[in-house]
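Chemist: The following block contains a protein sequence and its predicted model.
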Amino acid sequence: MGRILLGVNIDHIATLRNARGTDFPDPVHAAAVAELAGAEGITVHLREDRRHIKDRDIYLLAKTLQTRMNLEMAVTEEMLAIACDIKPPHCCLVPEKREELTTEGGLDVAGQLDKMSAAVRRLNEAGICVSLFIDADKRQIDAAVAVGAPVIEIHTGHYADAKTATEANNELRRISEMAAYAHSKGLVVNAGHGLHYHNVKPIAAIPELYELNIGHAIIARAVIDGLAKAVADMKQLMLEGRRGE
Ligand SMILES: CC(=O)[C@@H](O)[C@H](O)COP(=O)(O)O
Ligand SMILES: NCC(=O)COP(=O)(O)O
């Protein structure tokens, strides 16, 4: 079985930064740490409302990343222009609703073939490899092939949100079957959304999957795992200050 790659989504480093309007924690710094720890790619979602990643982040990341950027974005004129300016190696086209808490499902490629074909063509012409974030659905996979996208990312959110083991197993089977189908059609097949430390293994076992993009769970784990050191470092500085050091 081939290896499976990890793309680390650093959006929520930016969420934390933006919560206080500070310039830390910096997603550019986080990306370098993730790369040194073994991430094979860095994913950033530039949302229309800039709730986490901002333009400054992707322009700097484009200069500093040692692996590769996977820029997630909606199919809008604004985003297409930014992507064509930055020219990240990978762009993942995603659906976006301003009021959503997070991405709620896959992109409806089949329902907007002309718009999607034009977007894929424009990004391809800029030298960008395009991926489409879609549900594990044969109709959407066929549409991805029809619009000329070389890569898809299967949305694993329904699997992650499953309320029962039966529901999770059904979703897992659907993802597995559709990954095999997409692979048989010549697509590179990635997956992501809502994956965490307790649900990732069965997804990683699907042999046709090339890369998983994981963000929220990794950033959440980093906060907890790093807390003891962060508290100890602060305490140390306070004691040094009191001693006049
Ligand atoms: C497209 C996707 O599944 C994720 O990248 C997700 O959209 C991250 O951004 P949010 O957490 O803002 O939804
Ligand atoms: N495309 C999925 C992604 O980048 C990470 O999603 P999540 O792990 O933050 O839910």
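Modeler: Great, that's in hand. Ligands and ions are numbered 1, 2, ... in the order given.
Chemist: going forward, measure contacts and count neighbours with C-alpha atoms only.
Modeler: Will do.
Chemist: contacts for the one helix or strand Leu80 maps to?
Modeler: Using DSSP states H and E, Leu80 maps to helix 77-86. Helix 77-86 has contacts (CA atoms under 8 Å, 6 or more residues apart in numbering) with 59, 62, 71, 73, 91, 119, 123, 126.
Chemist: Show me what counts as buried in the helix or strand harbouring Val231.
Modeler: Per DSSP H and E, Val231 falls inside helix 216-242. Using 16 or more other CA atoms under 10 Å as the burial criterion, the residues of helix 216-242 that qualify are 216-219.
Chemist: Mind putting the residues you listed into TSV with distance to ligand 1?
Modeler: Below are those laid out as TSV (distance: CA to the nearest ligand atom, whole Å):
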residue	distance to ligand 1
His216	7
Ala217	11
Ile218	12
Ile219	11
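Chemist: could I get the residues you listed as a markdown table with pLDDT and distance to Thr43?
Modeler: Converted to a markdown table, the buried residues of helix 216-242 look like this (pLDDT from 0 to 100; distance: CA to CA, whole Å):
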| residue | pLDDT | distance to Thr43 |
| --- | --- | --- |
| His216 | 98 | 12 |
| Ala217 | 98 | 14 |
| Ile218 | 98 | 13 |
| Ile219 | 98 | 13 |
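Chemist: near ligand 2, which of these show up?
Modeler: Among the buried residues of helix 216-242, proximity to ligand 2 is found for 216-217 (CA under 6 Å from any ligand atom).
Chemist: Which one of the buried residues of helix 216-242 is nearest to Gly7?
Modeler: Of all these, Ile218 has the smallest distance to Gly7: 10.9 Å, by CA to CA.
Chemist: Who are the packing partners of the helix holding Val231?
Modeler: helix 11-20 (3 or more CA pairs under 8 Å, 6 or more residues apart in numbering; DSSP states H and E).
Chemist: Would you mind listing the buried residues in the helix it packs on?
Modeler: Neighbour counts over helix 11-20 (16+ other CA under 10 Å) mark 11-18 as buried.
Chemist: ok, now stretch 108-128?
Modeler: So stretch 108-128, judged by 16+ other CA under 10 Å, has buried residues 108-110, 116-117, 119-124, 126, 128.
Chemist: likewise stretch 145-154?
Modeler: Applying a neighbour-count criterion of 16+ other CA under 10 Å, one finds 145, 147-154 buried in stretch 145-154.
Chemist: right, is it up against ligand 1?
Modeler: No: using CA under 6 Å from any ligand atom, stretch 145-154 never reaches ligand 1; the gap is at least 8.9 Å.
Chemist: Report the backbone C-alpha coordinates of that stretch in CSV.
Modeler: C-alpha atoms of stretch 145-154 as CSV (Å, rounded to 0.1, in the frame of the first residue of the first chain):
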residue,chain,number,x,y,z
VAL,A,145,-13.8,14.6,-14.3
ALA,A,146,-16.0,16.5,-16.8
VAL,A,147,-14.7,19.9,-15.8
GLY,A,148,-11.1,18.8,-16.0
ALA,A,149,-10.0,18.8,-12.3
PRO,A,150,-7.1,16.4,-11.7
VAL,A,151,-7.7,16.1,-7.9
ILE,A,152,-10.7,15.9,-5.6
GLU,A,153,-10.9,16.1,-1.8
ILE,A,154,-13.7,14.0,-0.4
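Chemist: still on that earlier bit, show me how far the helix holding Leu80 is from its chain's centre.
Modeler: Centroid displacement of helix 77-86 relative to its chain, using CA atoms, centre = their mean, to the nearest Å, is 18 Å.
Chemist: Kindly report the same for stretch 11-26.
Modeler: Distance, stretch centre to chain centre, for stretch 11-26: 17 Å (CA atoms, centre = their mean).
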